[in-house]
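Student: I would like the atomic coordinates for the input below:
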Amino acid sequence: QLQLVESGGGLVQPGGSLRLSCEASGFTLNNKAIAWFRQAPGKEREGVSCMSGSGGSAQYADSVKGRFTISRDNAKNSVYLQMDSLNADDTAVYFCAATKYIMVGLCMFRGYDYWGQGTQVTVSS
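Tutor: Take a look at the predicted model:
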């Protein structure tokens, strides 16, 4: 069964940190573009960060630049999102995504074939 499973969400105080994990099963993430998206209540889903299949370039939404870091571990078939200096605007359900085919060029926030079920991140005091 092809799936992505996120973990690591939770409740954190403003200024705190969380690390989200996403493990793939049934397929390999090697050389696939990967991404994190989020959706807050009443808002559209937005791209947070993505990384090319080569792992050589990453893109970030302006709202998270300098605070979030995407990474991947091909040996563990996993993707991570380190989130620092969290604020209330970061509250959302976070989803990881991956392409079906090899993509080593600049990543984009579209064209993903596999999606996780989401993990809730709540930033509140």
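Student: for the lengthiest strand in the chain, which positions count as buried?
Tutor: When the chain is parsed with DSSP state E, its longest strand is strand 92-102. Using 16 or more other Cβ atoms under 10 Å as the burial criterion, the residues of strand 92-102 that qualify are Ala92, Val93, Tyr94, Phe95, Cys96, Ala97, Ala98, Thr99. Using the backbone N, CA and C atoms, a C-beta is placed for each residue, glycine as well.
Student: wait, isn't the fourth one in contact with Glu46?
Tutor: If I follow you right, that is Phe95. No: with contact defined as Cβ atoms under 8 Å, Phe95 does not count as touching Glu46 (10.5 Å).
Student: Kindly reformat the buried residues of strand 92-102 as TSV containing pLDDT and distance to Ser57.
Tutor: Listed next are those as TSV, based on pLDDT from 0 to 100; distance: Cβ to Cβ, whole Å:
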residue	pLDDT	distance to Ser57
Ala92	98	24
Val93	98	26
Tyr94	98	21
Phe95	98	21
Cys96	98	18
Ala97	97	17
Ala98	96	16
Thr99	94	15
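Student: between those residues, which is closest to Ser25?
Tutor: Proximity of the buried residues of strand 92-102 to Ser25 (Cβ to Cβ) peaks at Ala98, which lies at 11.5 Å.
Student: which residues does the closest one form a beta bridge with?
Tutor: Ile34, Tyr114 (DSSP bridges).
Student: Hmm, it is touching Gln3, no?
Tutor: No: the criterion here is Cβ under 8 Å, and Ala98 misses it with Gln3 at 10.4 Å.
Student: Give me the common contacts of Phe95 and Glu46.
Tutor: Shared contacts of Phe95 and Glu46, defined by Cβ atoms under 8 Å, 6 or more residues apart in numbering, comprise Phe37, Arg38, Gln39.
Student: Thanks again, I'm all set now.
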